[in-house]
Structure formats: structure tokens, C-alpha cells
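A.B. asks: Sequence and predicted model, in that order:
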Amino acid sequence: MELFWLWLPVLGSAIIAGSATSRPVEQDQRMSPEDEQLAEGYLKRFYNMKPSRGNASVSRRRRSLPALEEKIREMQQFFGLKETGRLDPETLKMMKTARCGVPDVENYSFYPNRPKWRKNTITYAIAKYMSGMSRADQDRSFLLAVKMWSDATPLKFTKVDRGPADIVLTFARRTHGDFYPFDGPGGVLAHAFQPGQGMGGDVHFDEDETWTNGRQGYNLLAVAAHELGHSLGLSHSRDPSAIMFPNYRSRSSTQYSLSRDDVLGIQSLYGKPTSGAGANPRPNNCDSVSLDAALMMGSDLVFFKNGQMWMTTTRPPFTTRSGAANLPNVGVQVDTAYDIPASGAVYILTGQRYLVLQGLRLNIGTIYELGLPSNVRQVDAAMHVGEYGKTFFFVGDFYYRYDERRRRMDPGFPRLIRADWTGIPRRVDAAFKLEGSIFLISGAKSYQYDVRQNRLLNVLSANPWSGC
Ligand code: ZN
Ligand code: CA
């Protein structure tokens, strides 16, 4: 049996079997020649590793070892892996993940000086569709992908069917007219070019992949959204929740909306959406202003209305945009949402079910696990008050108080809402805590209470919170 040591550079036929005595090996790790070859190809392609010069394999080895180790460290740093400088299993696993073909290091071939489009209306065209999905589904995927970026910027996208377009989207396999041939199924899924003339801004999808609009194969919308980020001038992000993370994230719920990192990136190039007719997204139906649910994320308020999610700043000037950083678009009617800043958990309640997001983990359970009695069918509103470690649930005319530390409902609850919260005329639709105040939203009004004394401070319109 032949042994191949991890960190020997693989240069074509220069694989040296069982002779890795020139460097100490910390750990016995066996690697197939295929893996070594893959690693070298990966680092050349995405980390700008130069092929070493010289013919003698010995001199080549001496020269390229530190270079290889350095490149492995660079790659490990990018992905937040332990920086061992070796091809450990985690590193190899990361290298084998399907991904974008654009390199992770800058000053390579793609983005020397952060180019951007010098106009706000950008045209795109689909040069070639692929056969695995209907044209309508492909059109819809691209439309939703451009919308993610136009919602966050002053940019507008127009699809053109003929004539030149700024961004040309196409499917191709293997060698296809640029210097970056595709590699068959898996590996590289797509690549895109920086803004510019000619091929600038264009996106190529590997036709050998299974593209879908669901969870099977590779989701065309998710990959298109990523590649369009490149078309607009963004490079790769280290943030695994970002659309601009280089790897395909098959289990991720965050690949269908921009993360905070993506929004900051694209706004640093193009600015925020311009206010004015239609540019600032607003919930439809502003005459019935109420909200279904609301929660705070940092200093921004995320609110839900008719199955849609919006985010609004809590300080003037109030600006609103659809979607929210780091939250999946749940796509269903949300009854209640609250966050527990101490544990970084976000709860979203819909009917008898809850969904909790903590970091990148997502769990599902029933509201009865939160201590609510079995006669409760849904929760109207909820909020967490960190000062007391309590979560309040509003259900019909009553409210419950849950102790997060003891993990049980406080005795004496439920209590009548109007007994303790003066002024509330009817049920509570949404609740959240902002700095020293608790806001209960009921219909078109929001009721502000002092967090320590439960005292009604103010009755305001719910408008500022609802983007209307
Ligand atoms: Zn990419
Ligand atoms: Ca491929």
C-alpha cells in the first residue's frame, strides 16, 4: 500500500509516495492522490497559488512547501477553519463543497479595483436557457434574484429580449469561450464577471449541474443571486450567512435573502434605495396599518404582515425595506415573533408551531413546549424583556409570563390584559421592547409602556413601525 502525505505538493506526476521524511508529520493522515490534486487545483484556482517553477522535483518541493502551506492557511482563514496549514479533513471537506468559480482572494483576475456600474438602470438578457426547468421558472428565478439586489439599492433592472444587455446570463458546459472552463457536475457551479464592457457583468451557469427551483440539486435563484452580486461588483464574503459566501449552502435558510453583510457591501457601492415613488418598499395595504408580529434585531425592528417580512429603522428618518438580514423568508402568516438577545435566539410562532433560529441553527417545536396550555391555539403577540428574563405571551384577552431561566410559566398567569396594561382596547397584535419601553400594537395604534412600572407613557400611531 502506498502512503501519500498530506502536504506534499502534487504537481502532475510529481506525487511522491511514502517518502515524506523531509518534514515532520504531526499526525498520520492519509490522502488519496485525487484529494491532493484537488487541493492543489483548488488553491491555484481560488487562492491565486502560482505554479512553482523548476524541473527537478526536489527543488520544486522545497520551494513550494511553504507556499502551499501559506495558501492552505489563507484558505482556512477565509472559511474560519483551524489554521493548520495542512490538508486536514475539515479543509478537504470544504474544498469539496460545490461553489462559485470566482476566486476568494482579490487582486486576482476579477476585481483589481472594485469596478461598479456607473448608472442605476441595468439591463439583463438570457442568452440561453437550459432544458431542466421551464423557461418561466428560469425567468422567475432570475427576476427574484435581481430583485434581491434592487430592493437594497437605487438600482433598477430591465430584462431585454434583444439587443445588447449589460448582464448576459447563459448556460454552458466545459470550455465555453472564456478562460474558465466548467468542470462537469459538482465543483464549480457558475461564475460571473465584474461590471464592465463586453463580457463584463455576464454570468455563466454550468449546464452540467442539476438546476431546480426547489431544494433538490442546486437552486437556480440562490446561485443567480450570488453571481449577480459579482456582476454588480461584489467579491466573496467570509460571512457564512451572506449570499456572497463562495460555497453553495444546501441546508441554509439564508440563501434566499440578502444578509446584513451583503446589504452593507452593495450599499457601499451604490448607496441606499432612493426614497420616492415605489423605490422604498412598503407593505401593501397601508390603510389597515396593523402588524401581525414584530421583533427587534439590533436597533432595527423586523415586522411581519400578511406573510411578508419588513425591516425598519427605529430612529428617524425611518426607512423600511423588505426582508431582514439573517432571517429566512418564512413565507407563511406569522402570528408572533420575539427575540432573546442573551441567547441570540429568534422565535417565530405560527399557529401551534414555533421556529427558533439560533446562530445558523434552526429548530421547530410546538408552543406547548413553551409552557402554554393545550387550549391555546395560537399566540397573538409575544415579547421578551431581558431585564427580568421573562417572555410575555398575549393570547386573546389574557397574557402569560414565562420565566426563561426557570423554564416555566410564572404562577398566577394568565392574567387579563386590561387589568395590567391600561389603555389597550382590544387584543394585542404585536409587541416588542425598544430600549426602556414596551410597545404593544393593537390595530392602528401603538401603546408605549415604561418597562419598569408598566405605566402607559404614550399612545401613538402604529405607522412608524409599519413602514406606512
Ligand atoms: Zn462567487
Ligand atoms: Ca460544475
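C.D. replies: Yes, it's here. Ligands and ions are numbered 1, 2, ... in the order given.
A.B. asks: only C-alpha atoms for contact and neighbour calcs from this point on.
C.D. replies: OK.
A.B. asks: quick check: domain ranges of the chain?
C.D. replies: Each domain of the chain is listed here as a residue range: 18-95, 121-270, 286-466, per automatic domain parsing.
A.B. asks: So which of those is nearest ligand 2?
C.D. replies: Distances from ligand 2 to each of the domains of the chain were compared by Cα to the ion, and the smallest falls on domain 121-270, at 4.1 Å.
A.B. asks: Tell me the spacing between S235 and ligand 1.
C.D. replies: From S235 over to ligand 1 the distance is 7 Å, taken as Cα to the ion, to the nearest Å.
A.B. asks: now do G217
C.D. replies: For G217, the distance to ligand 1 under the criterion Cα to the ion works out to 18 Å.
A.B. asks: Now do the contacts for the closest residue to A294 other than its chain neighbours.
C.D. replies: In this structure, A294 finds its nearest non-sequential neighbour in F303, 4.2 Å apart by Cα to Cα, 6 or more residues apart in numbering. Counting by Cα atoms under 8 Å, 6 or more residues apart in numbering, F303 makes contact with 291-295, 309-312, 465-466.
A.B. asks: got it, and V223?
C.D. replies: Neighbouring residues of V223 by Cα under 8 Å, 6+ apart: 189-190, 248.
A.B. asks: Can you tell me the SS state at E90?
C.D. replies: Reducing the assignment at E90 to three states with DSSP: H, G, I helix; E, B strand; the rest coil gives helix.
A.B. asks: Not including adjacent chain positions, what is the nearest residue to it?
C.D. replies: Using Cα to Cα, 6+ apart and skipping the chain neighbours, the partner closest in space to E90 is L81 (7.5 Å).
A.B. asks: ok, and the most crowded of the contacts of V223?
C.D. replies: With neighbours set by other Cα atoms under 10 Å, the maximum within the contacts of V223 is found at L189, which has 26 neighbours.
A.B. asks: quick revisit: export the domains of the chain as a markdown table, with columns for mean pLDDT and distance to ligand 2.
C.D. replies: Rendered in a markdown table, the data for the domains of the chain read as follows (pLDDT from 0 to 100; distance: least, Cα to the ion, whole Å):
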| stretch | mean pLDDT | distance to ligand 2 |
| --- | --- | --- |
| domain 18-95 | 74 | 13 |
| domain 121-270 | 91 | 4 |
| domain 286-466 | 81 | 26 |
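A.B. asks: Look up how far ligand 2 lies from P103.
C.D. replies: 15 Å.
A.B. asks: I'd guessed that residue sits against R45; true?
C.D. replies: Yes: contact status for P103 versus R45: in contact at 6.5 Å, counting by Cα atoms under 8 Å.
A.B. asks: Just want to know which of these two has more residues nearby.
C.D. replies: Each of P103 and R45 has its neighbours counted (other Cα under 10 Å); P103 has more, 22 against 18.
A.B. asks: Against D261, how distant is the more buried one?
C.D. replies: Relative to D261, P103 is positioned 19 Å away (criterion: Cα to Cα, to the nearest Å).
A.B. asks: where along this protein do the helices fall?
C.D. replies: With DSSP state H as the definition, the chain shows helices at residue ranges 33-47, 57-78, 89-96, 135-151, 220-231, 260-270, 417-420, 463-466.
A.B. asks: Which one, of those helices, ends up nearest to ligand 1?
C.D. replies: Smallest distance to ligand 1 across those (Cα to the ion): 5.7 Å, for helix 220-231.
A.B. asks: quick check, distance from the closest one to the centre of its chain.
C.D. replies: For helix 220-231, the separation from the chain centroid amounts to 12 Å (computed by Cα atoms, centre = their mean, to the nearest Å).
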